[in-house]
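K.L.:
Sequence below, structure please.
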Amino acid sequence: MDVSHIIDSLNEPQREAVTCGPSSQLVLAGAGSGKTRVLVHRIAWLIEVEQIPPFGILAVTFTNKAASEMRGRIEELLGTPAGGMWVGTFHGLAHRLLRRHWQEAGLPQQFQILDSDDQLRMVKRSIRSLDLDDKQWPPKQSQWYINARKDEGMRAAHIEDMGDATLQQLVNIYKTYETLCKRAGVVDFAELLLRSLELIRNNPELLQHYQQRFRHILIDEFQDTNELQYAWLRLLAGTKNPVFAVGDDDQSIYGWRGAKIENIQNFSKDYPNSRLVKMEQNYRSTSTILNAANAIIANNSSRLGKSLWTEDEHGDPIKLYSAFNEIDEASFIAGQIQRWVELGKRRKDAAILYRSNAQSRVFESTFIEQGIPYQVYGGQRFFERAEIKDALAYLRITVNRDDDTSFERIVNHPPRGIGEKTISTLRDLARSENLSLWEAANKSLQHSLLNNRAKTAIEKFVVLINELSNEIDSLVLNEQVGQVIETSCLKDHYLKREGEEKGKNRGENLDELVSAASSFNYKPEDEHVNMDFLSAFLTHAALEAGNAQGDSDEDCVQMMTMHSAKGLEFPLVFIGGLEEGLFPHQNSINEEGRLEEERRLFYVAITRARKQLFITYAEQRQLYGNTLLGSPSQFIREIPKELIEEIRPHMNAYSAPNTRAYGNTRVVEESASGFSSGDYIHHEKFGDGVIITIEGNGQSARVQINFSNVGSKWLVMGYANLQKR
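P.N.:
The predicted structure is shown next:
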């Protein structure tokens, strides 16, 4: 039999994996080593050489796109449709099982699937049916709890509350939710997999049927499986069917959403006779980039171990830039991209990666200012994010009470007991008497047009806005923004509603809005326009939000978090914010397991680069509402120095003491001269700039300033005549 079309294009480790015998196998596929190719060719080998019928193969991926691509490539390689073969996501395959065996699963034949929004509505119904206050028991938090327990394979009846009143109530909500779903004949996404696991586990004949049918089970991105997914796979495989698992423990970065790196680490224990094949040849990056990635990940102790290499060129050194601050960082990256474009390159081949979504704001602002098209991959632009719009709406209504759009957005957000019926009454009153909603609310209070409950709620809102307006009247802009965020309780609302991870991200974005206010520089284009700072800032935010990012078919720079970048690759990559406490994140620094996942995230970020890689850090950064001094990330020092070219080696990243992290960094202190590091100033000759360093005290102090137009200058304070902006 001629098998050249299956194996000729493969390197030696790939060929070894594809042509292995019937035993279970773990393929440790490094970044850019061709894991999809191995999966596709393995299936083709099983069908053509091992004579396994297509219906005897089960192949599991994590996305519908990956499943469709795999099926298409298999059929192209075989030259014939692969009918009967089950290729799909965990949820898609579980759904297929439940449709076939709905009776055994205890479901109605026409059961429906709840999407996330529908599930949330069902959770709200559960909370209401228990007469619970949804402020004390936020539906989003309960939804997260239910899904997390299902991903662990746990029903409400399996959970011991251990006398904990909070846990007891969450379990009650879970039980009620299960009852309502059963009555309605619906299942959520987490239920699909849990119910299909119970289906085959509780029906021995059915389990035997599928174990006999699926003689070979293949799984992609194995390092990302959670507890329930792995249990489902092991049950179907039984003791005889081989499992062909492809993954990379060094790219396991989703522990925060339930992925268990232990699944891939313990594979050889779970399958004692399995083989291990390491695919280490990379077809993506230069050897410089790969050597840096290898050196970094070698610092993790809990890994199976491999070392990426390439036959391609050595490549350029990794460029390391020490920025004065976050604005200098963004300007530097923008300049490098402009040079890239001048060389005839495409913007879409350049990507900016960052640890936190909040970091996108300064990049976006800089790119808009310089007219560089960009896209935020897998997320929204900063001023379009819901939490930012919420805070801005509070600010707008303190400036203009007649802003109906802002009124409707925040009147019951966070929830304060103002229902749609009450808002509809105010709308009708406003329409009939040509009033704003704010005026209608006040008139309804004066003339007792609402029931007592609605009247009390509206009155509290009106008092809140009036008091807030008075509180912020004498404050500077960044303090105004901070006060509104605090008084509105938006951060607490999101934390309770969306759980720790998402709620914390939204809180960081709100804090970053304070930073945006701190660095805002109001320069009216028309000298006759007299606008206060807050109104000017709100106008600026509206204009930035209205500046739409580039279309998908436009040549745009790509911006994204490091998590979003997994699976992608770009010729030119910038990794920003490499400061201790920002990356690695402060919360992970003292926890070995979390620090190792942060390091794996850096490994993933580095291996997205094909040809050129830039790493930047800021000596000072306005982030989350504070001006902070940072030190270079410990991850920088893990890159061999010979692979690095320092572009502006102001603070030596290899010798700087690793003692300051954002979690405990002091806010910059003011010097005796009345100025401090981080102040934005204006100089009559050199223009606008930011103070980087102050040496000495009083009028004889020397001050280093990074000016927007002329770069860095040292001046004597007594003669500089600086003005704060």
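K.L.:
And the contacts of the helix or strand residue 484 falls within?
P.N.:
Taking DSSP states H and E as the criterion, residue 484 maps to helix 477-488. Helix 477-488 is contacted from outside by 390-391, 394-395, 398, 410, 414, 464, 468, 471-472, 475, 491, 510-511, 513-518, 520, 533-534, 537, 625, using Cβ atoms under 8 Å, 6 or more residues apart in numbering. For glycine as for every other residue, the C-beta is placed from the backbone atoms N, C-alpha and C.
K.L.:
Now, of the residues you listed, which are buried?
P.N.:
When these are checked for burial by 16 or more other Cβ atoms under 10 Å, the buried set is 390-391, 394-395, 398, 410, 414, 468, 471-472, 491, 510-511, 513-518, 520, 534, 537, 625.
K.L.:
Tell me how many other residues crowd residue 91.
P.N.:
For residue 91, the tally of surrounding residues (other Cβ atoms under 10 Å) stands at 18.
K.L.:
List the residues that contact it.
P.N.:
Taking Cβ under 8 Å, 6+ apart as the contact definition, residue 91 lies against 189, 192, 193.
K.L.:
so how far is residue 64 from it?
P.N.:
9 Å (Cβ to Cβ, to the nearest Å).
K.L.:
likewise residue 683?
P.N.:
Distance of residue 683 to residue 64, computed by Cβ to Cβ: 57 Å.
K.L.:
Which one of the two is surrounded by more residues?
P.N.:
Just comparing residue 683 and residue 64: by other Cβ under 10 Å the higher neighbour count belongs to residue 683, 17 against 12.
K.L.:
Can you tell me the closest non-neighbouring residue to the more buried one?
P.N.:
Using Cβ to Cβ, 6 or more residues apart in numbering and skipping the chain neighbours, the partner closest in space to residue 683 is residue 722 (6.1 Å).
K.L.:
wait, doesn't the one you found sit right on residue 686?
P.N.:
No - the pair residue 722 / residue 686 is not scored as a contact, 10.0 Å apart, by Cβ atoms under 8 Å.
K.L.:
and residue 626, what pLDDT?
P.N.:
Here the pLDDT value assigned to residue 626 is 69.
K.L.:
cool, and residue 389?
P.N.:
Listed pLDDT for residue 389 reads 90.
K.L.:
Likewise for residue 532?
P.N.:
At residue 532, the pLDDT value in this model is 79.
K.L.:
try residue 467
P.N.:
92.
K.L.:
same thing with residue 703?
P.N.:
79.
K.L.:
about what we covered before: how close does the residue nearest to residue 683 get to residue 688?
P.N.:
Note on residue 722: its distance to residue 688, by Cβ to Cβ, is 11 Å.
K.L.:
that older thread, quickly list what's touching both of residue 722 and residue 686.
P.N.:
Counting by Cβ under 8 Å, 6+ apart, the shared contacts of residue 722 and residue 686 are residue 705.
K.L.:
I'd guessed residue 218 sits against residue 244; true?
P.N.:
Yes - counting by Cβ under 8 Å, residue 218 touches residue 244, with 4.4 Å between them.
K.L.:
got any residues that touch both of those two?
P.N.:
Contacts common to residue 218 and residue 244, judged by Cβ under 8 Å, 6+ apart, are 39, 42.
K.L.:
Can you name the next helix or strand after the host helix or strand of residue 319?
P.N.:
Per DSSP H and E, residue 319 falls inside strand 318-323. Note on strand 318-323: by DSSP H and E, the next helix or strand toward the C-terminus is helix 326-342.
K.L.:
Neighbour count: residue 722 and residue 686, which is higher?
P.N.:
The neighbour count for residue 722 versus residue 686, taken as other Cβ under 10 Å, is higher for residue 722 (20 against 17).
K.L.:
residues contacting that one?
P.N.:
Residues in contact with residue 722 (Cβ under 8 Å, 6+ apart) are 675, 681, 682, 683, 703, 705, 715.
K.L.:
Out of these, which end up buried?
P.N.:
Neighbour counting with 16+ other Cβ under 10 Å marks 675, 681, 683, 703, 705, 715 as buried within those.
K.L.:
Tell me the backbone dihedrals of residue 706, please.
P.N.:
Main-chain dihedrals, residue 706, degrees, to the nearest 10: phi -100, psi 110.
K.L.:
Report the contact partners of it.
P.N.:
Residues counted as contacts of residue 706 (Cβ under 8 Å, 6+ apart) are 324, 325, 328, 689, 690, 692, 712.
K.L.:
In PyMOL, how would I select the buried members of those residues?
P.N.:
In PyMOL, a selection of the buried entries from these looks like this (16+ other Cβ under 10 Å):
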select buried, resi 324+325+328+689+690+692
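K.L.:
Which two among the contacts of residue 706 are spaced furthest apart?
P.N.:
Maximum pairwise distance among these (Cβ to Cβ): 12.0 Å, between 325 and 712.
K.L.:
Start from the N-terminal end of the stretch 1-150 of the chain and give the helices.
P.N.:
4-7, 12-18, 35-48, 64-78, 90-100, 116-129, 139-151 (DSSP state H, counting those that start in this stretch).
K.L.:
Alpha carbons of the fifth one, in CSV - could you do that?
P.N.:
Okay, so that is helix 90-100. Listed next in CSV are the C-alpha coordinates belonging to helix 90-100 (Å, rounded to 0.1, in the frame of the first residue of the first chain):
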residue,chain,number,x,y,z
PHE,A,90,-17.0,18.3,23.7
HIS,A,91,-20.4,20.1,23.9
GLY,A,92,-21.2,19.3,20.3
LEU,A,93,-20.5,15.6,20.7
ALA,A,94,-22.3,15.4,24.0
HIS,A,95,-25.3,17.0,22.4
ARG,A,96,-25.3,14.4,19.7
LEU,A,97,-25.3,11.6,22.3
LEU,A,98,-28.2,13.2,24.2
ARG,A,99,-30.3,13.6,21.0
ARG,A,100,-29.8,10.0,20.2
